[in-house]
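Trainee: Just a sequence and a predicted model for now, questions to come.
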Amino acid sequence: MTRNLKGFVFLGFFLFALSSCSSVGSNNVNRAFYYWKTKSIQDSEAQFFRECNAHKLYIKIFEVTIDEVLGVQPVSKAHIHLSTQMQQETEIVPCIFIENDVIASSTNEQLDELAENTVFLTNRYIDFKLNDNEIDTLDCREIQIDCDWMASSRDQYFYFLKALKNYTDKEISCTLRLYPYKFRTEMGVPPVNRVMLLCYNLLNPRAEENKNSILDLVELEKYIHTDSEYPLPVDVTLPCYSSCYVFNNAQFQEVHHGVPQGLEGICLPSEDGLWYVVKQDTSVEHNYYRQGQRLRIERVSRSLLLEATNLVIDNVELQKGATVGLYHLDENEMKQYNYETLDSVYMLFDQR
Amino acid sequence: MKHWILSICFLISVNTVNGCGGWYPFSDVIRFSIFSPLLFDDGGMSEFYFSSRNSSELYEHTFKSDRNVDDWFNVCEQKVKKNLVFEAIYQLSALGIVDEESDHIFVKKMMELGKEDHLQYLAFAKKNSYLNNAYEDSWERGYKELKHKRSHAIQDAEHYAELTEDKTLKRRYAFVAIRLAFYNGDHLKINRLYDNYFAGTTELTIDYWAKYYQLHTVDSPVIRNFTLAQLFEKTPTKRPGLYLMFNRDVEMNDVMKFATTNKEKANVLFMYSLRKTDRQLSNIRRIYELNPDHVLLPFLIVREVNKLEHWVMSTKYTAFAPILRPGYDYRSSNQALINSAIEDDQKYAESFLSWLYSVKPTLNQELYNSVVSLTQFISDDAAAAYQTLSTAKYDDEELIAWKGRMMGILKVAAFKSTKIESIDLSIYLTGDYFARQRFLFLMGRLFEFRNDLGVAASLYSHLNQNKSRVVWAEPKGYTAFNLSFYSDYFDYFDANYNAQDVVGIVDYAKSAPKLNPELTHLLERVTKDHVRLLDLIGTKYLRQGELLKSISYLKQVPTHYWQSDARSYKKYLSANPFYADFYSGHDERKADTITYTKYEVVQNLYDLIELEKTQTGNANAQTNFLIANCYFNMTTHGNSWMMKRSWWSNYSRNTVYVDSDEFNKCITAKSYYMKASNASEVDMFEALCLRMAGRCESYGLYFDEDYDYDFDYGPYGGFREYMFDKNTTYKALKNKFPEWHMELVSNCHSFNRFYSSM
């Protein structure tokens, strides 16, 4: 029996076993997705979201960067209009990505101003900009901040998070990378209501060029294995996305977020499942791949996703009502996964 | 989310080198091109030029590509230069444009023509232009106020549009209202205004601009794509915005259904070809069939040539992998694929040429001759290219300059007998560096490929003397300093050619200007580098193990050179190269009371080697020990590493230097320590020599084997222990002198006791 077939049989058995279990339990998690694009959700994405029985959607509404001339600015503003149905059925969590440089280079006074501006613009989205229909009102209970903060910017970041509470009575959550989760004493615990632990994106794609930088179980376990419970309620997010690093003239050229369907098919068989060589000039989804070009294709397979799920369940203490998110809701990425696989991720958490 | 950030970190990190430098060439820096699209474009398509990146340079708003300037040029009855029209309509203030005392030629002329109403319109548009700035209130704190102000301005604009009798001014005011309504998100207003004032008008640029804003209210992506395809050619300033609106996921056939004329079809096809990075000849051919006069067809043709340049010439001349030249071993299993890709590209170039030949009579002849000659050159037919270009006539100064440089290149490429003396070098060595840098490099490369290294080196020596950089690579994938690119002739010849080749360069630099004084400028830098090159030759012979030859060149280097602040010898060649102990490294030691110049080191080393041949027993052992010390110190681990390298770092381990192994693994040092050990008649000294030889072997073992973290948990108790166990010399030491073994390998003070045993 080939390795692939074995994996298929294992997966089938696994899914069958899961489906025979009850889907209702006191331990049920909030099923969530992240939506990180700036344009409106496609019908197929909304449908997939519903099929997964998800009821919580984290939407990035804008990013905050620092411009030499204009100063701290919101950029990449989302142009997303949520349908009435989506608003009624879903808890929306607006997310704001803030570059660490913004935080690191700001004084407390500037952070106060940033907090006020952030809440103001977020409320604009909640009250107006996310609504497809003017009469709709979006009921948001939580705002999430995503920032790649470091030990050196910790004090400012925590100051900013506290400052947010001066301008809104909504719950504040923030994303948490694995490093500050593991080294919580050194890095500190953010002053928020809850944290979203991001269980992916573990490695520098350059430093470990023969490992999957999105998800590597050995690396993941190193970080999530801790001696004590995290002092805040923890939600977790697992990856269901792919990346393709394109190399040209032996140098890195660009990264394609979301590997085009069937890209591996135009390449020579890969020995390690990561590095591929294009066998003939081909355009795939508007990208032109040249014969002889090297590509590093990183995907999170179904089995890898389920193994990571079990690893997280075994190591991370989730409270009742915790949220489990999947990153991210994208019609191309969803083609790699069937409903059953993603449903299984949630069910494994429900049955933990 | 975080992974975007990490990706950005990755993007940044992959474009930097390990260690010093902090810059790594990528994207358009390594894309070879000698044909600027600007030669056949007014800048209106700059954002769409072929690039290794996703998009080319940003659009620069100038009078040359702004059709609105043409309209105002006509309003002032073509009596004011276009650049001044541009200045007036975009740069004068709202007050300045209606200032009766203004010195501005445009304002004066308009008043002279009695067109104050047009100036009043410009003042109105300028006064409200701040309301068009989407970034003015990025946090949207003042959105209510801004919206309110816009609404007022719209009312005013509508009022003036009603009031004025002038038909074009009516539309101009209405256009201001449409644009403000766009920023207010008022689609109903946009459509009402458009229908009232513009529907169907195509007289002025603002007619197209109004359509551009109205197009944002159209929901159907198919209609949007069709309409913007028709607008694209007419509105250079809106092209970036139109492209953003273009939905490439919409099937072209669906859009094509709306096209009723061949021109419209050609526009649709153009839009779908615009930013394609693959081969587009079939679409170019089709566009030509549908509309041979398509204004932007030259843009597509130039873009296709730029692709061919990249596919064929980047690999062939800058040699960034994948490259065509034999011997390239990067993932050799793909070499066949890479070779066949380049052959395919050349075949494609031939197809492209055939098409160009077939449309010759209808194309702009300046464009035709340029692209045909360049494509012939790319197709390895330099003689035909030379022939084509020699008959070409140009009026434009930049094209004339381009032809001049190309002719020199083609002459060298086409005729093997062409000497550098027959080329007008001034056009490669002087003038705008950005325009000539790649020609200069290419000329150098052509001579290098002929093995005319003196000429090649002297041409390369003129590269990169300002901010711009021409970089090139070599097949082995890493260079002198473990970077995979070069930007300086000295480093390139140091790494890729042997001592005898550099001797040839120095000899050429000495003799050529005497025979032909016109070459003096060409050889300026190589001549200036004469002493440095002598040092290099001596160093290269030393690396090659040819000491006498090394001495003969180093001897010619004046003493002050070794002491010069411009060099680093004073700092890094200041220790005694004949001294080493168990732990000596780069630092000076107490024993370093004697220092030598590079020449003196090699001379002394040679003398010791000669002496050693005449000795036996302990004397021979001692001399061999000194020789070994010297060879050890001339490695990356020793105090005189600068004998063989001008630069060093932990990251520059694998290099293309001929003595890369020797420099890292202390091979010669080990052999002399062993020789000393064998000759010694004193056991303690023999043991000491084995200990030193073991140190050398250890460096070799570590160089060959990457540190493995798993060994920390392995049966050896750790990686260090594992490596120690692999060291055959340490084993020999243990076997022969078990009583001293531990002391020698673990006690750093034991060296003196053993050394003094002799």
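Mentor: Here it is on my side, so go on.
Trainee: Please enumerate the strands of the stretch 201-350 of chain A.
Mentor: A:234-239, A:243-248, A:251-257, A:275-277, A:282-284, A:287-289, A:294-298, A:323-327 (DSSP state E, counting those that start in this stretch).
Trainee: longest strand anywhere in chain A?
Mentor: Counting by DSSP state E, the longest strand found in chain A is strand A:56-67.
Trainee: tell me the angle of that strand relative to strand A:234-239?
Mentor: 80 degrees (axes from the mean of the first three to the mean of the last three Cα atoms, to 10 degrees).
Trainee: elements contacting strand A:56-67?
Mentor: Strand A:56-67 sits against strand A:30-35, strand A:71-75, strand A:91-98, helix A:100-104, helix A:108-124, strand A:323-327, with contacts defined as 3 or more Cβ pairs under 8 Å, 6 or more residues apart in numbering or on different chains; DSSP states H and E. The way it works is simple: take the backbone N, C-alpha and C, and place the C-beta from them, glycine included.
Trainee: So which of these has the densest surroundings on average?
Mentor: strand A:323-327 (a mean of 25; mean count of other Cβ atoms under 10 Å in any protein chain shown).
Trainee: need the contact list for residue 76.
Mentor: Let's take chain A. Residue A:76 makes contacts with A:38, A:60, A:62-63, as judged by Cβ atoms under 8 Å, 6 or more residues apart in numbering or on different chains.
Trainee: I was thinking of chain B, sorry if that wasn't clear
Mentor: Contacts for residue B:76 (Cβ under 8 Å, 6+ apart) come out as B:85, B:106, B:109-110, B:113, B:115.
Trainee: Go ahead and measure how far the longest strand of chain A is from the middle of the chain.
Mentor: 12 Å (Cα atoms, centre = their mean, to the nearest Å).
Trainee: Stretch A:83-91 now?
Mentor: Using Cα atoms, centre = their mean, the distance from the centre of stretch A:83-91 to the centre of the chain it belongs to is 21 Å.
Trainee: again, but for stretch B:286-300
Mentor: Remark: stretch B:286-300 is offset 32 Å from the chain centroid, using Cα atoms, centre = their mean.
Trainee: For it, buried residues please.
Mentor: For stretch B:286-300, a neighbour-count test (16 or more other Cβ atoms under 10 Å in any protein chain shown) marks B:286-288, B:290-291, B:294, B:296-300 as buried.
Trainee: Mind exporting the C-alpha coordinates of it to CSV?
Mentor: Only the C-alpha atoms of stretch B:286-300 are listed here, as CSV (Å, rounded to 0.1, in the frame of the first residue of the first chain):
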residue,chain,number,x,y,z
ARG,B,286,-3.9,39.9,-33.0
ILE,B,287,-4.0,43.5,-31.7
TYR,B,288,-2.1,44.6,-34.8
GLU,B,289,-4.5,42.8,-37.1
LEU,B,290,-7.5,44.5,-35.4
ASN,B,291,-6.0,47.9,-35.2
PRO,B,292,-2.5,48.4,-36.7
ASP,B,293,-2.6,52.0,-35.5
HIS,B,294,-3.2,51.2,-31.8
VAL,B,295,-1.4,53.9,-30.0
LEU,B,296,0.0,51.6,-27.3
LEU,B,297,1.1,48.8,-29.6
PRO,B,298,4.7,50.1,-29.5
PHE,B,299,4.5,49.8,-25.8
LEU,B,300,3.6,46.1,-26.0
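Trainee: ok, residues contacting it?
Mentor: Contacts for stretch B:286-300 (Cβ under 8 Å, 6+ apart): B:37, B:40-41, B:45, B:48, B:232-233, B:262-263, B:265-267, B:269-270, B:273-274, B:280, B:283-284, B:359, B:362-364, B:367.
Trainee: Separate out the buried members of these.
Mentor: B:37, B:40-41, B:45, B:48, B:232-233, B:265-267, B:269-270, B:273-274, B:280, B:283-284, B:359, B:363, B:367.
Trainee: Now intersect these with the helices, please.
Mentor: Cross-referencing the buried ones among the contacts of stretch B:286-300 against helices under DSSP state H gives B:232, B:265-267, B:269-270, B:273, B:283-284, B:367.
Trainee: just the contacts of residue A:76 now: which is nearest chain B?
Mentor: The closest of the contacts of residue A:76 to chain B turns out to be residue A:60 (Cβ to the nearest Cβ; 7.5 Å).
Trainee: Can you name the residues that contact the closest one?
Mentor: A:34-36, A:38, A:76, A:78, A:95-97, A:146, B:1.
Trainee: my guess is residue B:48 contacts residue B:275, does it?
Mentor: Yes. Counting by Cβ atoms under 8 Å, residue B:48 does reach residue B:275; the two are 6.1 Å apart.
Trainee: now the buried residues of stretch B:286-300 in CSV, with secondary structure and distance to residue B:550?
Mentor: Listed next are the buried residues of stretch B:286-300 as CSV, based on DSSP: H, G, I helix; E, B strand; the rest coil; distance: Cβ to Cβ, whole Å:
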residue, secondary structure, distance to residue B:550
B:286, helix, 65
B:287, helix, 64
B:288, helix, 64
B:290, helix, 70
B:291, coil, 69
B:294, coil, 65
B:296, coil, 62
B:297, helix, 62
B:298, helix, 58
B:299, helix, 57
B:300, helix, 58
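Trainee: most neighbours, which of the contacts of residue A:76?
Mentor: Compared across those, residue A:62 has the highest neighbour count, 25 neighbours, by other Cβ atoms under 10 Å in any protein chain shown.
Trainee: which stretches of the chain have low pLDDT?
Mentor: Picked chain A for this. In the predicted model, chain A carries pLDDT under 70 at residues A:1-26, A:134, A:205-208, A:248-251.
Trainee: wrong one, I was asking about chain B
Mentor: Those would be B:1-27, B:53-59, B:134-136, B:321-335, B:467-468, B:475-484, B:588-594, B:648-653, B:706-718, if you go by pLDDT under 70 across chain B.
Trainee: three-state assignment of the nearest residue to residue B:233 once chain neighbours are set aside?
Mentor: Excluding the flanking residues, the one nearest residue B:233 by Cβ to Cβ, 6 or more residues apart in numbering or on different chains is residue B:295, at 5.3 Å. The local conformation at residue B:295, judged by DSSP: H, G, I helix; E, B strand; the rest coil, is coil.
Trainee: and the gap between residue B:295 and chain A?
Mentor: 25 Å (Cβ to the nearest Cβ, to the nearest Å).
Trainee: Residue B:355 too?
Mentor: 19 Å.
Trainee: thinking again about what came up before, closest one to residue B:509 out of the contacts of residue A:60, please.
Mentor: Using Cβ to Cβ, residue A:76 is the member of these that sits closest to residue B:509, with 55.6 Å.
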